[in-house]
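Peer 1: everything below, folded, please.
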Amino acid sequence: MTKFLIPFQSDGKWGYKDRAGKVVIPPKLETASEFSLGVAKVKINNQIQYIDSNGKFLDVNQPQELKNYHDEVTDNTEELIRFKVNDMHGYKNREGKEIIPPTYVAAWQFSEGLALVKQDQKWGYINYKEKIVIDFIYDFADSFSQGIARVRLDKKYGYINNCGEEVIPICYDELGRFNGELTFFKQGKKRGYINKRGEVVETPTNQDLPKKKQVNLKCQDTKANQSTITKKQLENTNYSRSRRTRKRSSSKVKN
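Peer 2: Next up is the predicted model:
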């Protein structure tokens, strides 16, 4: 069975851990993607490579080698497909065989070895054997990505790891999805940005922010500059008009 590995970063380098947090592939990679069908795309020494879940580099010039790994993991949980019967959801494999019976009110695709499913108005997570890994206690939840998932409990948001432990406390009124290393939060009257370690970043630089937010900031700056320029131009225009009016009035008096 293929291992479920999660990319992590340490001192600027990437590696992989298992669901228990044990380092399986040391952080020596420049970039690391999530595994799909037993293979992950990585970058090392400024070159794109492919590795298996043991950290072995695969020869992309030998398509059969990649195919062998794909064939090994046809029972990978990411290959299970949701299906719906009488408004209840379950999972089948690629051949159409029922693996998990339709007993859930709602269900999402498997991600990082776990599926987000809903039972009795609460969300929880199951593995491919339908074992409950994280209990059905959440009012809202996201699928796992890079080892963490956003959840809501009693109108408060936070993040958990794939063992159900809080990595960012469930105490925020609003908490966004991570797009890069930071996401926004609101807690009472306090607003700001928080990283994946749960540390509040008081004054993030533009480089720290997600690209979308950087664009918004630039737009705001541009609008502010445009408003300032327009105001000055208006003042100058009014001043010029006032001078012209006084000149015309003076000419009439002289005549």
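
Peer 1: helix or strand: which one has residue 95?
Peer 2: Here residue 95, judged by DSSP states H and E, is contained in no helix and no strand.

Peer 1: is residue 49 bridged to anything, and to what?
Peer 2: Using DSSP bridges, the beta-bridge partners of residue 49 come out as residue 42.

Peer 1: enumerate every residue touching it.
Peer 2: For residue 49, the contact set (Cβ atoms under 8 Å, 6 or more residues apart in numbering) comprises 41-43, 57-58, 60. All C-beta spots, glycine's among them, are computed from the backbone N, C-alpha and C.

Peer 1: measure how buried residue 114 is and give me the count.
Peer 2: The tally of other residues near residue 114 (other Cβ atoms under 10 Å) stands at 22.

Peer 1: that one touches residue 144, doesn't it?
Peer 2: Yes: between residue 114 and residue 144 a contact is recorded at 5.7 Å, counting by Cβ atoms under 8 Å.

Peer 1: spit out the residues that contact the two alike.
Peer 2: In the contact map built from Cβ under 8 Å, 6+ apart, the residues linked to both residue 114 and residue 144 are 125, 162.

Peer 1: distance of residue 133 relative to residue 151?
Peer 2: Counting by Cβ to Cβ, to the nearest Å, the gap from residue 133 to residue 151 is 14 Å.

Peer 1: same check on residue 98?
Peer 2: As defined by Cβ to Cβ, residue 98 lies at a distance of 29 Å from residue 151.

Peer 1: more neighbours: those two, which one.
Peer 2: Taking other Cβ under 10 Å, residue 98 and residue 151 do not tie; residue 151 has more neighbours (26 against 12).

Peer 1: what sits opposite that one in the beta ladder?
Peer 2: The residues that residue 151 bridges to, once DSSP bridges is applied, are residue 141, residue 158.

Peer 1: for this protein, which segments count as helices?
Peer 2: In the chain, the segments counted as helices under DSSP state H are 63-72, 211-254.

Peer 1: re earlier: out of the contacts of residue 49, the closest to residue 165 would be?
Peer 2: Using Cβ to Cβ, residue 42 is the member of the contacts of residue 49 that lies nearest residue 165, at 27.1 Å.

Peer 1: count of neighbours near that closest one?
Peer 2: 23.

Peer 1: list the contacts for it?
Peer 2: With the criterion set at Cβ under 8 Å, 6+ apart, residue 42 makes contact with 14, 29-33, 48-51.

Peer 1: 7 Å instead?
Peer 2: The neighbourhood of residue 42, defined by Cβ atoms under 7 Å, 6 or more residues apart in numbering, consists of 29, 31-33, 49, 51.

Peer 1: for residue 14, same thing?
Peer 2: Residues counted as contacts of residue 14 (Cβ under 7 Å, 6+ apart) are 7, 27, 29, 31-32.

Peer 1: any idea which of these is closest to residue 183?
Peer 2: The shortest gap between residue 183 and any of the contacts of residue 14 belongs to residue 7, at 17.7 Å (Cβ to Cβ).

Peer 1: once you drop chain neighbours, what's closest to that closest one?
Peer 2: residue 32 (4.1 Å; Cβ to Cβ, 6 or more residues apart in numbering).

Peer 1: list the contacts for that neighbour?
Peer 2: Residue 32 makes contact with 7, 14, 16, 40, 42, according to Cβ under 7 Å, 6+ apart.

Peer 1: TSV for the residues you listed, including pLDDT?
Peer 2: Output for the contacts of residue 32, formatted as TSV (pLDDT from 0 to 100):
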residue	pLDDT
7	83
14	90
16	89
40	81
42	88
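
Peer 1: name the nearest residue to residue 33, sequence neighbours excluded.
Peer 2: The nearest residue in space to residue 33 (Cβ to Cβ, 6+ apart) is residue 41, at 4.6 Å.

Peer 1: same check, this time on residue 145
Peer 2: Nearest residue to residue 145, sequence neighbours excluded (Cβ to Cβ, 6+ apart): residue 111, at 6.8 Å.
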